[in-house]
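Build me a model:
(2 chains)
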Amino acid sequence: QKEVEQNSGPLSVPEGAIASLNCTYSDRGSQSFFWYRQYSGKSPELIMFIYSNGDKEDGRFTAQLNKASQYVSLLIRDSQPSDSATYLCASYGSSASKIIFGSGTRLSIRP
Amino acid sequence: DAGVIQSPRHEVTEMGQEVTLRCKPISGHNSLFWYRQTMMRGLELLIYFNNNVPIDDSGMPEDRFSAKMPNASFSTLKIQPSEPRDSAVYFCASSPGQFYTGELFFGEGSRLTVL
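A predicted model of the protein is given here:
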């Protein structure tokens, strides 16, 4: 079992709709969770991090964390074509003492 | 700030040759990471340094891989001898050191092709 799992996609969402990206993790000791965006041929860039149960909002992005279910999600409201990218979920925990990435979900926003 | 600088951006070499990848982290960042990205395995952590000291090299595939950080502004990842399965994009990233924020700043990557 991978430590951080994501559906590879592609996930296709119409422009203006809500895109929902999901991630599960296996290490219950994980403390912090991150969403990175990676455009094709580019390097990953941090969008959001979350370490408390519940929701965290930043503009059109909302990260959700449920530690009991070991589940993290990213919602993108009013999806734009520029949101088309691969989204990487990552975790950090004291047991691993390092940041571990999932394999990413490819998101495509169709006009 | 110029960001994390990696070189070369692209490298094509033949099996058995030595490959050296270079990285200059962001000034003031005290943690440096080497990641490898492939379609099959995603983004894998190879090794990371804190204050120039290797902290965790458990991701280094085998003895053919070695990494050094002689000072705060320079690191190398060396593969000797290289093999076709080493073909990947190698990213260097630096961080201010606060792991719980997960704020890694990635370089543009070095795309390695081993023939």
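
List the neighbours of the helix or strand encompassing residue A:64 that are in contact with it.
Under the criterion DSSP states H and E, the helix or strand holding residue A:64 is strand A:61-66. The set of residues external to strand A:61-66 that reach it, using CB atoms under 8 Å, 6 or more residues apart in numbering or on different chains, is A:33, A:35, A:47-56, A:71-77. Every residue, glycine included, has its C-beta placed from N, CA and C.

Can you tell me the strand partners of that strand and which way each runs?
In the sheet containing strand A:61-66, the strands it pairs with under DSSP bridges are strand A:54-58 (antiparallel), strand A:71-76 (antiparallel).

Those: which one's closest to residue B:26?
Closest approach to residue B:26 among those is made by strand A:54-58 (22.5 Å; CB to CB).

List the buried residues in that closest one.
Buried residues in strand A:54-58, counting neighbours by 16 or more other CB atoms under 10 Å in any protein chain shown, are absent.

got it, and stretch A:43-56?
Applying a neighbour-count criterion of 16+ other CB under 10 Å, one finds A:43-44, A:46-51 buried in stretch A:43-56.

so which of those also contact chain B?
The overlap between the buried residues of stretch A:43-56 and the neighbourhood of chain B (criterion: CB under 8 Å from any CB of the partner chain) consists of A:43-44, A:46, A:49, A:51.

want to try JSON lines for these, with secondary structure and pLDDT as columns?
What follows is those, written out as JSON lines (DSSP: H, G, I helix; E, B strand; the rest coil; pLDDT from 0 to 100):
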{"residue": "A:43", "secondary structure": "coil", "pLDDT": "96"}
{"residue": "A:44", "secondary structure": "coil", "pLDDT": "96"}
{"residue": "A:46", "secondary structure": "strand", "pLDDT": "93"}
{"residue": "A:49", "secondary structure": "strand", "pLDDT": "91"}
{"residue": "A:51", "secondary structure": "coil", "pLDDT": "89"}
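
isn't there a helix covering residue A:33?
No - checked against DSSP: H, G, I helix; E, B strand; the rest coil, residue A:33 lies outside a helix; its state is strand.

Residue A:49 is in contact with that one, correct?
Yes - counting by CB atoms under 8 Å, residue A:49 is a contact partner of residue A:33 at 6.7 Å.

so what sits against both of those two?
Common neighbours of residue A:33 and residue A:49 (CB under 8 Å, 6+ apart) are A:63, B:102.
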